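Asker: just to be clear, the model below is a prediction. Sequence and coordinates:
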Amino acid sequence: MMRFPDSLKNISIGLLMLVGLAACSAENSVDPTAQNVNAADTPNFAHQATAGADTFASNCAACHGANLEGTTSGPLLSGSSFLQRWGSQNPSLLLNNIQANMPPGGNESLRSKDYLDITAHILSVNGVDSVVAALTPTTDFTISDNVSRITAQRQRSEPESPKGLTVAGNVDNFVKFIPVTDAMLENPDPGDWPMIRRNYQAHSYSPLDQINTDNVGDLSLEWVWNMHEGDSEPSPLVYNGIVYLINPGNVIQALDGKTGELIWEHWTGPANRQDMRNIAIYDDKIIQATTDARLVALDARTGEQVWETVVADASKGFSNSSGPIVADGKVILGLAGCARYIPEDCYISAHNANTGELEWRFNTIAKADEPGGNTWGELENVFRAGGETWITGSYDPELKLTYWGTAQQKPWVPVSRHLTIFDVGLFTNSTVAVNTDTGELDWHFQHVPAEALDLDEVFERVLVNRGDEKLVFSLGKYGILWKNDRVSGKFLAHKETVFQNAFTNINAETGEVTYREDIQNAKLNEWTSSCPSSTGGKDWHSMTYHEPTGTMIAPLSQTCLENAAREVSLVQGGGGLAASRKFFEMPGTNGNLGKIGAYNVDTMEEIWSHQQRASFHTGTMSTAGNVVFVGDLDRRFKALDVTTGDVLWETRLGTSVQGHPVSFAIDGKQYIAVTSALGGTSPRTVPGVIATEIKYPRWGNAIYVFSLPD
Amino acid sequence: MIFGKNIRFNPDAIPGTAHQKARDRSRTKARFKSRRSLPFRLLVIASLFLIASFSASFSASAQTETFRARLSPMPTTPQTVNEITGGGEVILTLIGNTLTIEGSFEEMSSTAIAAHVHNAPPARLGPVVHTLKITDAIAGEITAQLQLSDDQVAELKANNFYIQIHSMNNPSGELRGWVFLRSHFQ
């Protein structure tokens, strides 16, 4: 199956959508209309497409759909969305990407001929029906030039998705809108949740205490709102009683937090099934990143568009899956889809909040002549890939530094990227502290240099003050909780939160990790077994810092993988992830995939853990009522005691509970909100092959709001 | 089965067992099988008692230690998830250097053809060190009584043993589970 197993949504929204510059020589190019082929004797395009239909059905359809329509496990490969990304490219590039990356579980059973057939099938379904000559590895024609008129007409007849404002309304009719200031974001009102993880420090903590350990068992449903279908990992934003909700497909809704009444809805597009984790609010604007790497500002009162700017060229594969943070008056956001070999690299960028105008960029990939440029071996700049910033960063207003995690080098295994374990590849898999005024790097700490198993350290940076210490915590897929000084970047301490056997040593003084020898020297097509798997440890689900008790409470996952590198040619437009993976239960966990771990931030010791078969699919959210909320794959939304981990309350929702719980207050009443959702990349894919007995509907995106009875 | 158990100040302990129906069925079957094989179990217990008594005459310090392996599918993918199936549990009792193995498995994709004890740390692969008796069916029992070397006892206690069941459809292995002290799971 062509399942997109990991952070592809974050890395590229599907490697099959990968685009770039074809490097096929003129000698190798084929004019598809200039050949006379005896169809009865010689395999031609139609033969390939017919054979490819069968091969696709048995290897790809489970994830991408029998008709290439996409599922929650894999993106669609047909229609205008496909042609938008691939229309200007050639079959050779498409073939190379499929062959290097799909299916992710291994390609031992597929021959080169099978890949050609699958490519022909995909092209055929997308209307390439004027081609006669059989595809070869070097076939070079523009795909869109060979889509027949009939097919084009058929595609035009597809109903168009809504665009722009689809439901008109005005927040002022519900509550007087007050523009959001920097001061409000630096010190949010207790009743608000005005950004992802609520504050600049990324604590995912609410100071509200009306709901507490004594009464949380009385929580009951206040209202529920069905969301658009598709992949979804949302963090609702709540300001002054209004819930601003990012839906799949770049749709934003404003809802009355008290009643669930829809106030306005805006379709920014592109209309697809892709998700976005968060949006931002600043002044009188809602600011969203889009899945095609644009930045759009809407009027927070009415939902009408105010400005729009392009962050990166989506036709080259760039995308976003997380939205911005507004810090010091600037809209700062990351970028995903940086796995291909093109001259452009990944960056964090800052934009003027009033106009969208670019103010600065920080490139996460060091070029040869830049500081850190000598950490990529002899690799030419164009072949330096990865370093995505697919999770929103945090911000220290005093230091004027914004903290981001970066993803690993691409492809996933050193041998695939033509490097060694000593080519650490700055500034990948690091914490980077970037000056918000200038965009210059203040410091970096590379947690896992030369990452070799698809285990990012990209997730949220949680800023904590303990006495005079200014700290930054992070927890990546290796399941290691890192504590660094956030002024200097100096490593201070670490804690292994789940079993890991990728490293034989983690230096207690420096934090330097030493990979197992077989991982260091992994060769192409050689299977390596290690823990955790590429779903973490920890993944995109945010951890919470409960300041009153000095406790970091993290949603964790316990699975392992076997990993084998695939070959990737150093060809412009190529690249990708290039590994086969298999997954299995983590030894010693008794099959418990889900773990909530609580850690004392001073001692780094584990205080308690709550473990269960079902994996957790929300971030953790703690409150001043000493309750921590979390949701799981098995549709359970739970409240745990912050100090003991005891389950105080749970309820079951319509489908898997996924996203980021939030808490807010209106007229003195506290509410707890959480989303149920589908998608979510490898944290869903991996349990899907290990905990197969857990069943949930493949639809049911919604936001649920709970409160205590009046 | 324990579901969602909490642990305090003991990060190395792993709680509870899964709660799902499939595993409940597995447990039910295992209990049923236990009743059916009562004579066998009595024989094993008597043997263990004799062995223990014999060992005690040589070493007053010989103790009984109980280990457990949870059997679960070998590494799988969306392509193979319906072809590598099943589960099981193995209890291993160590008295001196004698290791008695009893276990059950079920719902494999095809008939079991072999079962082995391998020597490797958790989530690593290692060589076969002992062969076990196994029912040639998609569900059944695993049994053995092994004499371990002192080195092997040390490896067992270091969690460096795993049990693997091979099947007709998956000759390279269908079920696998690392051996831990039984108390590790409690």
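Answerer: Sure thing, it's come through. All figures in this text were calculated on a predicted structure; none of them were measured in a lab.
Asker: just to check, A:Y115 is in contact with A:A100?
Answerer: No. Assessed by CB atoms under 8 Å, A:Y115 is found out of contact with A:A100, at 9.9 Å. In short, each C-beta sits where N, CA and C put it, glycine included.
Asker: any idea how far stretch A:373-392 is from the middle of the chain?
Answerer: Its chain's C-alpha centre and that of stretch A:373-392 lie 19 Å apart, by CA atoms, centre = their mean, to the nearest Å.
Asker: averaged pLDDT, it. What do you get?
Answerer: Taken as a whole, stretch A:373-392 has an average pLDDT of 97.
Asker: and it, what's buried?
Answerer: A:375-377, A:379, A:381-392 (16 or more other CB atoms under 10 Å in any protein chain shown).
Asker: of the residues you listed, which pair is most distant in space?
Answerer: Comparing all pairs in the buried residues of stretch A:373-392 by CB to CB, the longest separation belongs to A:G377 and A:T392, at 31.2 Å.
Asker: give me the pLDDT for A:A61.
Answerer: A:A61 is given a pLDDT of 85.
Asker: do the same with A:E229
Answerer: pLDDT, A:E229: 94.
Asker: please apply the same query to A:G576.
Answerer: 86.
Asker: kindly report the same for A:G573.
Answerer: A:G573 is assigned 86 on the pLDDT scale.
Asker: okay, now A:N199: neighbour count?
Answerer: By other CB atoms under 10 Å in any protein chain shown, the residues close to A:N199 number 23.
Asker: got any ranges where chain B has weak pLDDT?
Answerer: B:1-62 (pLDDT under 70).
Asker: mean confidence (pLDDT) on stretch A:487-498, please.
Answerer: 98.
Asker: tell me how far it lies from the chain's centre.
Answerer: 24 Å.
Asker: now the terminal residues of that stretch, how far apart.
Answerer: 28 Å (CA to CA, to the nearest Å).
Asker: ok but A:R85 is inside a helix, no?
Answerer: Yes. Per DSSP: H, G, I helix; E, B strand; the rest coil, A:R85 lies within a helix segment.
Asker: can you report how many residues lie near it?
Answerer: 24.
Asker: any idea how far it lies from chain B?
Answerer: According to CB to the nearest CB, to the nearest Å, A:R85 stands 23 Å off from chain B.
Asker: my read: that residue touches A:F318, true?
Answerer: No. Using CB under 8 Å, A:R85 makes no contact with A:F318, being 11.0 Å away.
Asker: give me the phi and psi angles of the residue lying closest to A:H121 once chain neighbours are set aside.
Answerer: Computed as CB to CB, 6 or more residues apart in numbering or on different chains, the closest residue to A:H121 that is not its neighbour in sequence is A:G52, at 3.0 Å. Note on A:G52: backbone dihedrals following degrees, to the nearest 10 are phi -70, psi -30.
Asker: so who does A:G52 touch?
Answerer: Counting by CB atoms under 8 Å, 6 or more residues apart in numbering or on different chains, A:G52 touches A:114, A:116-122, A:124.
Asker: tabulate those (a markdown table), appending distance to A:L245 and neighbour count.
Answerer: Listed next are the contacts of A:G52 as a markdown table, based on distance: CB to CB, whole Å; neighbours: other CB atoms under 10 Å in any protein chain shown:
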| residue | distance to A:L245 | neighbour count |
| --- | --- | --- |
| A:D114 | 43 | 20 |
| A:L116 | 44 | 25 |
| A:D117 | 43 | 25 |
| A:I118 | 38 | 29 |
| A:T119 | 39 | 26 |
| A:A120 | 42 | 30 |
| A:H121 | 38 | 23 |
| A:I122 | 34 | 28 |
| A:S124 | 39 | 19 |
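Asker: among those residues, which are located in helices?
Answerer: The helices, defined by DSSP state H, take in A:114, A:116-122, A:124 from the contacts of A:G52.
Asker: B:D136: which of those is nearest?
Answerer: Using CB to CB, A:D114 comes nearest to B:D136 of the ones in helices among the contacts of A:G52, at 35.1 Å.
Asker: roughly how far does that closest one sit from A:A120?
Answerer: To A:A120, A:D114 is 11 Å away according to CB to CB, to the nearest Å.
Asker: kindly report the same for B:I101.
Answerer: Using CB to CB, we find B:I101 at a distance of 53 Å from A:A120.
Asker: then A:E357?
Answerer: 45 Å.
Asker: list the buried ones in the helix or strand harbouring A:W307?
Answerer: In the assignment (DSSP states H and E), A:W307 maps to strand A:305-310. For strand A:305-310, the neighbour count (16+ other CB under 10 Å) marks A:306-307, A:309 as buried.
Asker: format those residues as CSV; extra columns: distance to A:R466 and pLDDT.
Answerer: Below are those laid out as CSV (distance: CB to CB, whole Å; pLDDT from 0 to 100):
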residue, distance to A:R466, pLDDT
A:V306, 41, 98
A:W307, 41, 98
A:T309, 39, 98
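Asker: and the closest residue in space to A:A493 that isn't next to it in sequence, helix, strand or coil?
Answerer: Leaving aside its sequence neighbours, A:A493 sits nearest to A:K483 (CB to CB, 6+ apart; 4.4 Å). Classification of A:K483 using three-state DSSP returns strand.
Asker: pLDDT score for A:K483?
Answerer: According to the model, A:K483 scores 98 on pLDDT.
Asker: pretty sure it is touching A:L471, no?
Answerer: Yes. Between A:K483 and A:L471 there is a contact at 5.9 Å, judged by CB under 8 Å.
Asker: can you give me the helices in the chain?
Answerer: Let's take chain A. Going by DSSP H, chain A shows helices at A:8-11, A:45-59, A:61-64, A:79-86, A:91-101, A:112-125, A:149-156, A:182-186, A:517-520, A:682-690.
Asker: look at chain B instead
Answerer: B:21-36, B:38-58, B:150-157.
Asker: report the contact partners of the closest residue to chain A within chain B.
Answerer: Per CB to the nearest CB, B:T77 is where chain B lies closest to chain A, at 2.5 Å. B:T77 is in contact with A:1, A:3, A:103-106, A:581-583, A:689, counting by CB under 8 Å, 6+ apart.
Asker: against A:T406, how distant is the residue nearest to A:H121?
Answerer: Look at A:G52 and A:T406: by CB to CB, they are 37 Å apart.
Asker: how does chain A divide into domains?
Answerer: A:8-156, A:311-524 (automatic domain parsing).
Asker: gap between the last one and the chain center?
Answerer: Computed by CA atoms, centre = their mean, the separation of domain A:311-524 from the middle of its chain amounts to 14 Å.
Asker: endpoints of it, how far apart?
Answerer: OK, domain A:311-524 end separation, CA to CA: 35 Å.
Asker: next: stretch B:103-115.
Answerer: OK, stretch B:103-115 end separation, CA to CA: 11 Å.
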